[in-house]
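In: okay, here's the prediction I keep looking at, along with the sequence it came from:
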Amino acid sequence: MSRPRPSWDSYFMRIADAASERSTCLRRSVGAVLVRDRRILATGYNGAPEGLPHCVDVGCLIVDGHCVRTLHAEQNALLQAAAHGVSTQGATIYVTSEPCLHCTKMLLNARVQRIVYRDPYEDALAREMRVEAGILCEQVEESAVDETPMGKGDKDHGRHEAGSPSET
C-alpha cells in the first residue's frame, strides 16, 4: 500500500516552518534549518540574542524601518552550528523567507551551497550577490510543499538563480 510522503524539500521546509513558531519578533516569524546529506545540522528562528529581552516582551527596536533587536533565523542557525562545532560547508539552508543581504553574506562565508526559501524578500543586492557567487537559490512555492507518493522520488519544485539541485 502506497502512502503520501513529503519530498525532502517539503520535509525540511516544514521543519523550518515549525522553527518559525519559536520566533519572538512581532513583525515577522522566520525559521531556518541547515541540512547536509539529508541530516539536520542546526535550526534557527528570529529572536533577541540570548539573555536579552525579546520583542514580544518589550517591543521592537526599529532603526531605519527594520527591527534591530533580533538576530535573523539564518544567523541563529549558523551560530548554533558554530557553537557546537558543526561545519556548514556544503550545506543547504531551508528558510521560510528569502535571505537578506547580511544573511546572504554570512551564508556565503559559511560555505552554504544551496538556499531554499518559500516567501520572497525584496533585496536585489542580495540576489545579485548570490548569482555572482554561484550559490544555488530556489524558491519553493507554498503549493509545491506537498506530498508525493512513497517511492516516487523527489521533484524539483523550485525557481533557480544558479546551478542545479543537490539535495534530491
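Out: Arrived safely, thanks for sending.
In: contacts for stretch 119-133, please.
Out: When contacts are defined by Cβ atoms under 8 Å, 6 or more residues apart in numbering, stretch 119-133 is touched by residues 96-101, 103-105, 108, 115, 137, 139, 161-162. Any C-beta I mention is one placed from the backbone N, CA and C, and that applies to glycine too.
In: show me which residues of it are buried.
Out: Along stretch 119-133, the positions that meet the burial threshold by neighbour count (16 or more other Cβ atoms under 10 Å) are 121, 123, 126-127, 129-130.
In: mind listing what the residue nearest the centre of the chain touches?
Out: In the chain, the residue lying closest to the centroid (Cα atoms, centre = their mean) is residue 95, at 1.9 Å. Neighbouring residues of residue 95 by Cβ under 8 Å, 6+ apart: 16, 30-33, 73-74, 115-118.
In: how about it, secondary structure?
Out: The local conformation at residue 95, judged by DSSP: H, G, I helix; E, B strand; the rest coil, is strand.
In: how about low-confidence regions in the chain?
Out: In the predicted model of the chain, residues 1, 142-168 satisfy pLDDT under 70.
In: just the helices in it please.
Out: Chain-ordered helices for the chain, with DSSP state H as the definition, fall at 8-20, 55-58, 73-83, 101-109, 124-133.
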